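*Asks:* got a structure for you, letters missing:
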């Protein structure tokens, strides 16, 4: 059973529907003490890091997520919140994935990085099963995790950045797999299949 | 490499997709979900739904069909129609829309753009601009309430100044509807899009005038817009999306297949 963590500031439905299309019915949970009962969990996130981090701390999610031993994956802002810190609001985050989230240097390119872009596997993992160089996924973001030892897949827009990260039982996808067509569906299936 | 986005636009009225010429004389082209699914499977990169009667009738769009789209479609989609407040936008986004687009309500109250930006983040906030080229004064002028020919009217804004203003207020993307070209399939308004591109730092989407696959190549190569929106050429089967993608790639335009 998959839990979708609802802190009240993310669009829960699109992630829930994406799992339903794969034949899995996730449960949206708003109480951190419930998390431990689930086999895996998703931390979605849209909006400003400051607001989202405040809610995670105030509602008791920070401890529940730190104590969780099973696969937990953040999507977009949810991934950034699992890292050590973010430049968006200059705040510390949950620290489950090593590395910092910084403003994406897009130079002369339009910002935010919005649209379909390629992925490059740098470290094969259960989460990268079936990915090929032609595959594209849908990104919408202004900040990104700087490539380090937890980077499984990189993306490039103005600079290289982490598109998929993992550390122990925690993982994150910077793009929106729930809105990335067949490639996104494969990646969500990979998360369902991921065994620690 | 970031792909140029191909965006079918579905004008919604009374629960059906309709299409008019120069924003007038609407005819029904099909069911919302059927068309959305067909375009998504054909390789559309994003979908835009405009409930065209909502702003004119001073009401929020019907959010019931939004959830149905979110349930069945696995590409991003944007929804527009009578969104006048943060509460309205929240209702649409809760149903699973990825972005909301505002047009006439932003003209009536520009601070709405900032309020939406502050609440949901820049990435959610698209501003649609209906721009008309006045041949006599040689100016680009912003229009509003174009969903109804009887309600459509000129605003006090020139397009360039309005585009700058909406960016300053926090718009994350701008869709420029070039009204002179709408529905006539004579090609995108390259001159206007180039002029606006030069002062637009956020993603810019071209709208109005697509008639052939070459028109898409031209708009991407000559104006560097991020995406191109079109309706009738897709609804009437004039352009097939997979063939369009291949044509773009053959002409060195980055496209997703």
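*Replies:* Thanks, I have it. Bear in mind the structure is a predicted one, so any value in this text is a computation, not a measurement. Residues are numbered from 1 along each chain as shown, chains lettered A, B, ... in the order given.
*Asks:* Sheet partners, orientation included, of the helix or strand encompassing residue B:174?
*Replies:* According to DSSP states H and E, residue B:174 maps onto strand B:173-178. Sheet pairing of strand B:173-178 (DSSP bridges) gives strand B:125-134 (parallel), strand B:204-207 (parallel).
*Asks:* What residues of the helix or strand just after that strand count as buried?
*Replies:* Using DSSP H and E, the helix or strand that follows strand B:173-178 in sequence is helix B:190-197. Within helix B:190-197, the residues scored as buried using 16 or more other C-beta atoms under 10 Å in any protein chain shown are B:190, B:192, B:193, B:195, B:196, B:197. C-beta coordinates here come from the backbone N, C-alpha and C atoms, glycine included.
*Asks:* Repeat that for stretch A:65-80.
*Replies:* A:65, A:68, A:71, A:72, A:73, A:74, A:75, A:76, A:77, A:78, A:79, A:80.
*Asks:* and residue B:163, what is it in contact with?
*Replies:* With contacts defined as C-beta atoms under 8 Å, 6 or more residues apart in numbering or on different chains, residue B:163 is in contact with B:129, B:174, B:176, B:196, B:199, B:200.
*Asks:* picking that back up, let's see which of the buried residues of stretch A:65-80 end up in strands.
*Replies:* A:72, A:73, A:74, A:75 (DSSP state E).
*Asks:* Those also near chain B: which ones?
*Replies:* Among those, no residue sits close to chain B (C-beta under 8 Å from any C-beta of the partner chain).
*Asks:* and of those residues, the nearest to chain B?
*Replies:* Distance to chain B, by C-beta to the nearest C-beta, is smallest for residue A:75 among these, at 12.6 Å.
*Asks:* And the closest one, how far from residue A:122?
*Replies:* 20 Å (C-beta to C-beta, to the nearest Å).
*Asks:* for residue B:184, same thing?
*Replies:* Taken as C-beta to C-beta, the span from residue B:184 to residue A:122 is 48 Å.
*Asks:* give me phi/psi at residue B:75?
*Replies:* When read as degrees, to the nearest 10, the backbone of residue B:75 gives phi -120, psi 160.
*Asks:* show me what contacts the spatially closest residue to it that is not a sequence neighbour?
*Replies:* Excluding the flanking residues, the one nearest residue B:75 by C-beta to C-beta, 6 or more residues apart in numbering or on different chains is residue B:40, at 5.1 Å. By C-beta under 8 Å, 6+ apart, the contact list for residue B:40 reads A:181, B:47, B:73, B:74, B:75.
*Asks:* In helices, which of these fall?
*Replies:* If you go by DSSP state H, the contacts of residue B:40 have residue A:181 in helices.
*Asks:* Widest-spaced pair of the contacts of residue B:40?
*Replies:* A:181 and B:47 (12.2 Å; C-beta to C-beta).
*Asks:* Which neighbours do those two have in common?
*Replies:* In contact with both residue A:181 and residue B:47: B:40, B:75, using C-beta under 8 Å, 6+ apart.
*Asks:* returning to that earlier point: looking at the buried residues of stretch A:65-80, which is nearest residue B:215?
*Replies:* residue A:76 (33.3 Å).
*Asks:* can you tell me which residues contact that closest one?
*Replies:* Contacts for residue A:76 (C-beta under 8 Å, 6+ apart) come out as A:44, A:45, A:46, A:140, A:141, A:173, A:174, A:175, A:176.
*Asks:* from the residues you listed, which is closest to chain B?
*Replies:* Relative to chain B, the closest of these is residue A:140; by C-beta to the nearest C-beta it sits at 4.4 Å.
*Asks:* now that closest one, nearest residue through space, not along the chain?
*Replies:* Using C-beta to C-beta, 6+ apart, the nearest residue to residue A:140 is residue B:123, at 4.4 Å.
*Asks:* where's the closest residue to residue B:180 other than its chain neighbours relative to residue A:155, distance?
*Replies:* If the residues on either side of it in the chain are set aside, residue B:180 comes closest to residue B:133, at 5.1 Å by C-beta to C-beta, 6+ apart. With distances taken as C-beta to C-beta, residue B:133 is found 38 Å from residue A:155.
*Asks:* So between those two, which is more surrounded?
*Replies:* residue A:155 (25 against 17; other C-beta atoms under 10 Å in any protein chain shown).
*Asks:* Show me which residues of the stretch 51-200 of chain B are close to chain A?
*Replies:* When proximity is defined by C-beta under 8 Å from any C-beta, the stretch 51-200 of chain B lies next to chain A at B:67, B:70-72, B:74-76, B:93-98, B:119-124, B:172-173, B:200.
*Asks:* Give me the nearest residue to the closest residue to chain B within chain A, chain neighbours excluded.
*Replies:* Using C-beta to the nearest C-beta, residue A:13 is the residue of chain A that sits closest to chain B, at 3.8 Å. Take residue A:13 and drop its neighbours on the chain: the residue closest to it by C-beta to C-beta, 6+ apart is residue B:96, 3.8 Å away.
*Asks:* before we move on, back to that, between residue B:184 and residue A:122, tell me which one has more neighbours.
*Replies:* Taking neighbours as other C-beta under 10 Å, residue B:184 and residue A:122 compare with residue A:122 leading, 16 against 13.
*Asks:* And that one, what's its pLDDT?
*Replies:* Predicted confidence (pLDDT) for residue A:122: 97.
*Asks:* Against residue B:183, how distant is it?
*Replies:* 47 Å.
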